[in-house]
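Peer 1: Build me a model:
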Amino acid sequence: MPKPPRSKLPTVVWAAAWVSFCADASTELIYGILPAFYLGTLSIGVLGLGLIEGFAESLVSLTKLYSGSLSDRTGRRKPWMLAGYGLAAISKPLLAFTTSGLAVGALRASDRFGKGLRGAA
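Peer 2: Below you'll find the predicted structure:
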């Protein structure tokens, strides 16, 4: 029995898949050490950790709600994905240079805002 013809995925799909893989891998690498960074290095405390992470994850959900609607209205997905992955690519490395809880919160918020932008698109 002959094999069915295999459809070839467009290059942009492969590129988006690899970018998504790398972004997810970097996020998972950071998540493992982030609580120790908050509590040990910055001395933010458990309440601060909860507030920062809770706000950041809430921001993802709210951003997805609105960016998905805007993405559908414009019919364009690429600008949303570029903005989302760009914010994450900028904010994650900057975490290494922060010295205050406010800066960590702002960077985590921008990273999660980027996830919300790209996730719905």
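
Peer 1: who's in contact with F37?
Peer 2: L95, V104 (C-beta atoms under 8 Å, 6 or more residues apart in numbering). Every C-beta, even on glycine, is put in place using the N, C-alpha and C of the backbone.

Peer 1: meant to ask about S58, not that
Peer 2: Counted by C-beta under 8 Å, 6+ apart, S58 has zero contacts.

Peer 1: measure F37 to R108 for me?
Peer 2: Distance, F37 to R108, by C-beta to C-beta, to the nearest Å: 11 Å.

Peer 1: Could you tell me which residues touch both of these two?
Peer 2: Overlap of the contact sets of F37 and R108 (by C-beta under 8 Å, 6+ apart) consists of L95.

Peer 1: and the nearest residue to G45 once chain neighbours are set aside, how many neighbours does it have?
Peer 2: Using C-beta to C-beta, 6 or more residues apart in numbering and skipping the chain neighbours, the partner closest in space to G45 is L39 (7.1 Å). Close neighbours of L39, defined as other C-beta atoms under 10 Å, add up to 14.
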